[in-house]
Structure formats: structure tokens, C-alpha cells
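A.B. asks: mind folding the following:
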Amino acid sequence: MTARSTINCSVSIYPWLRGLGLLASFCVFSLPVRSQQLAALPDELTAAPAFLPIDDHVAAQQNVDPRTLGMIKGKVVDQSGTPITGAVVKLTRDGQTLSPDVSTDEEGQYLFINVPPGPFQVNISSEDLVSQTFSGTLHPSETYIVPLATLTIATQVTEVRVALDPIELAQEQVHEQEQQRVFGIIPNFYVSYSSDAAPLNTKQKFHLAWKSASDPVTIVGVGMLAGIDQAADRWGAYGQGMQGYAKRYGATYADIFNATFLAGAVLPSVLKQDPRYFYKGTGSKKSRLLYAIRSTIICKGDNGQWQPNYSAVIGDLAGAGLSNLYYPPNDRSGVGGVFGNTAIRFGEIAVSYILQEFIIPKFTPNLSNRAVHQ
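C.D. replies: Below you'll find the model as predicted:
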């Protein structure tokens, strides 16, 4: 046979060989295909390429007839319908991996081959997207088409905390305190029901003192005390009548004004201490009682630490001393009297704090939401 006839023979045989190859491919891929979702899936999935097939010996290892092995394939897109490339697909059964993970191609398609029949799970994940899991049952020799997987963007929960400036927070808390009135009438401004209240600055301490001293109820209360003192002929040198009442009113108001500003504003600003009583409200009655009594000589500093209440001690001593400037000469007290009056004042404060801890909150309608009623 000549070289030319050999070439002619090769050319004439090639179409037949190619035809036989196509026929063989048609026979292999024309096996029955069963899937409930087949009609709803895009046509391009029929061209899905194979990725990392199961080990060739899987059938022998699992005692499965090779003729029953099937395929599982599907497609992954995003919310806009755009194919997702590189999504990771895991094929498992009863928590066991059936095959190495595969990744979707440029068309978003994936394919598992040589899969033993039985139930399976397909988990699809991609960075920053919500994963999806599909379950199904592969029948012998079946090509199972997984429903189209649409991965959505993972919801990101961003916590935004708007924190007030410490001064603004303190101002807000002072405003809450100014709403506190026993029976809805009597001022109760110097009590904080927030254990972690922001420290007051100098302006706020003086504001709170002025708010308390100038409150109409305070002014009316002073008038009642002056009337009681006149009826009992206290400070007899002031005499009776309107003139005597006015002097008693002035002395009583001076006592309250001095105590409020010295122990509640001036010295707390200088010594950086908080003049308020911090309601405890929790624990045993004994612990709360001791806390209330202790608070007469222990206070919270502007730094949040507990410390000796120098403001109250010095303020009450100074107030008792100043009273000698306007009391009638016969009613003025010496050093012993000043300390005696201060001791009485501390006893009164201790009683008031015990009432604050156990009684007053129950009769104060405009408490902060942080208050705990016992």
C-alpha cells in the first residue's frame, strides 16, 4: 500500500471512529435520570463539569455495585441571579463526608460523580453569604439535580452605642433627681437611685444646692418652722409679732441655706466629693441599715471611690459656727455648743438616711426607673 493510499485510508476511517466515540458517549449519558427538580433547573446545568470525584475504590469499600453509582450536581447564584464562582460545596451522609469538597466553576456549577445511592446532604457556603443546606436521596444510577441555590448576603448586626458625655449624663441624672418629691410635694433632690451615677461638676453641685434651698416648698417649710419657734418662744430676744417672726424666719432659713451650700456645694467642690445619698435598696435589712448609718460619715468621691465624708463634717461644723453670727447673744454657743449641735445634726442625717433607705422611696412617685422599691 502506498503512502498516499495509507493517508486516504486514515482519513476515511476517522469519521467512523469519531462516530463510534459519540455513540458510546450517548449510551453512557443516556442512563435514566430522575429528579423532582429537573424541570425547574436551568439548561446549562447539563454541562456541569466534574470536580474531584469520589475515590475510585469507594464502591468496593462500601460494598456497593458500581452500576448503582450516580451523580449529584447543581448551581449556585447570588440574589441578582449572577453565578457564584468558588463557592465551597460539601457532600455528606449522616455527618460523614462522602467526597472531597468541590468549588463552583465560572458558571456557578458543581458536580459530584460516583456517588453511592442513599440519603445525602449538600452544604453550600461562600464568604460573606448565608450558607444553605439541601437534603435528598440519590437512587441507583441516578443523576440528582439539586435545586438552584441562591445565597444571600449575611445580615450584619452593628451595635451602635450613643454614650453621653459624663457632664451631660450627670445633668440628665440631676434632672431626674429634681423630679423626686416625697408624696409628690416635699423635695428629695439629694438622693441618687443610680449606684453608678456620673459625678457632678462644680456647676451642677451649686445648681442642686440652689434648687433645694430656693424650692417653694422649702420656703414654706421654713415659714412653718419659724412659726413653731415663735410659738415656743425660741430665741426670745427676737420678741413676738411680725418683727420677731421675720427674725426667726431669717435665722431658720440661714441655717438651712448654710448647711445646704457648705456641705452640699462649696466643700464638695473643693474636696471633690459627692454630696448625694446613694440608695442601696438590696441586701439584708441589717446591711442596709448599717449602710445608711455609715453614709453619714462616708461618701463617694468624684473618682467613684468611697472616702471619709469631710464635706459633711466640716460643713456642719462651719454652719454651726456661722449661726453664732445671727443668733441672739444669749442663744449663741461656744466651741462645745458648736460640736454638740454638729453631733445632733449628724444624728438627724442618720435618721433621714434610714428613712431614705426603707420608707421614703415608697412615697416618692417620680423616682428614676433605676429605683428599687422594697
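
A.B. asks: how far is stretch 202-209 from where the chain is centred?
C.D. replies: Relative to its chain's centre, stretch 202-209 lies at 31 Å (C-alpha atoms, centre = their mean, to the nearest Å).

A.B. asks: mean confidence score for that stretch?
C.D. replies: The average pLDDT for stretch 202-209 rounds to 96.

A.B. asks: tell me how far stretch 77-93 lies from the chain's centre.
C.D. replies: For stretch 77-93 - counting by C-alpha atoms, centre = their mean - the centre lies 35 Å from the chain centre.

A.B. asks: just the buried residues of that stretch, please?
C.D. replies: By 16 or more other C-beta atoms under 10 Å, the buried positions in stretch 77-93 come out as 77, 78, 83, 84, 87, 88, 89, 90, 91. Where C-beta positions appear, they are placed from N, C-alpha and C, glycine not excepted.

A.B. asks: can you put these in a markdown table and add distance to residue 194?
C.D. replies: Formatted as a markdown table, the buried residues of stretch 77-93 follow (distance: C-beta to C-beta, whole Å):
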| residue | distance to residue 194 |
| --- | --- |
| 77 | 53 |
| 78 | 49 |
| 83 | 57 |
| 84 | 52 |
| 87 | 51 |
| 88 | 51 |
| 89 | 54 |
| 90 | 52 |
| 91 | 57 |
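
A.B. asks: and those, which is closest to residue 307?
C.D. replies: residue 88 (60.7 Å; C-beta to C-beta).

A.B. asks: re the thing from before, show me which pair in the buried residues of stretch 77-93 is furthest apart.
C.D. replies: 78 and 91 (21.8 Å).

A.B. asks: re earlier: next step: the buried residues of stretch 77-93 restricted to helices.
C.D. replies: Counting by DSSP state H, the buried residues of stretch 77-93 place none of their members in helices.

A.B. asks: between the residues you listed, which sits nearest residue 329?
C.D. replies: residue 78 (93.9 Å).

A.B. asks: got the contact list for the closest one?
C.D. replies: Residues near residue 78 by C-beta atoms under 8 Å, 6 or more residues apart in numbering: 84, 129, 150, 151, 152.

A.B. asks: using ChimeraX, define a selection of the buried residues within those.
C.D. replies: Buried residues among the contacts of residue 78 (16+ other C-beta under 10 Å), as a ChimeraX selection:
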select :84,129,150,151
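
A.B. asks: got JSON lines for the contacts of residue 78, with secondary structure too?
C.D. replies: Converted to JSON lines, the contacts of residue 78 look like this (DSSP: H, G, I helix; E, B strand; the rest coil):
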{"residue": "84", "secondary structure": "coil"}
{"residue": "129", "secondary structure": "strand"}
{"residue": "150", "secondary structure": "strand"}
{"residue": "151", "secondary structure": "strand"}
{"residue": "152", "secondary structure": "coil"}
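
A.B. asks: out of the contacts of residue 78, which one sits closest to residue 221?
C.D. replies: Comparing these against residue 221 with C-beta to C-beta places residue 152 closest, at 66.7 Å.

A.B. asks: please report how far the closest one lies from residue 88.
C.D. replies: Here residue 152 is placed at a distance of 16 Å from residue 88 (C-beta to C-beta, to the nearest Å).

A.B. asks: likewise for residue 207?
C.D. replies: Residue 207 sits 63 Å away from residue 88, going by C-beta to C-beta.

A.B. asks: again, but for residue 264
C.D. replies: 67 Å.

A.B. asks: do residue 324 as well
C.D. replies: Taking C-beta to C-beta, one finds residue 324 at 88 Å from residue 88.

A.B. asks: the buried residues of stretch 77-93 in strands, which ones?
C.D. replies: If you go by DSSP state E, the buried residues of stretch 77-93 have 77, 78, 88, 89, 90, 91 in strands.

A.B. asks: pick the one among those closest to residue 188.
C.D. replies: Distance to residue 188 across those (C-beta to C-beta) is lowest for residue 78, with 61.1 Å.

A.B. asks: measure that closest one to residue 105 for me?
C.D. replies: For residue 78 relative to residue 105 (C-beta to C-beta), the value is 15 Å.

A.B. asks: and residue 217, by the same measure?
C.D. replies: Taking C-beta to C-beta, one finds residue 217 at 81 Å from residue 105.

A.B. asks: more crowded one of these two?
C.D. replies: residue 105 (17 against 13; other C-beta atoms under 10 Å).

A.B. asks: residue 107 in helix, strand or coil?
C.D. replies: Classified using three-state DSSP, residue 107 is coil.

A.B. asks: I'd like the contacts of residue 78 laid out as JSON lines, including distance to residue 191 and pLDDT.
C.D. replies: Below are those laid out as JSON lines (distance: C-beta to C-beta, whole Å; pLDDT from 0 to 100):
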{"residue": "84", "distance to residue 191": "62", "pLDDT": "95"}
{"residue": "129", "distance to residue 191": "54", "pLDDT": "91"}
{"residue": "150", "distance to residue 191": "59", "pLDDT": "93"}
{"residue": "151", "distance to residue 191": "57", "pLDDT": "92"}
{"residue": "152", "distance to residue 191": "53", "pLDDT": "90"}
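
A.B. asks: my guess is residue 313 is in a helix, correct?
C.D. replies: Yes: judged by three-state DSSP, residue 313 forms part of a helix.

A.B. asks: please name the residues that touch it.
C.D. replies: Here residue 313 is in contact with 297, 342 (C-beta under 8 Å, 6+ apart).

A.B. asks: any idea of the pLDDT on it?
C.D. replies: 93.

A.B. asks: now it: how far from residue 342?
C.D. replies: 8 Å.

A.B. asks: strands along the stretch 251-374 of the chain, start to end?
C.D. replies: 277-278, 298-300, 306-308 (DSSP state E, counting those that start in this stretch).

A.B. asks: what's the closest of those strands to residue 166?
C.D. replies: strand 298-300 (14.6 Å).
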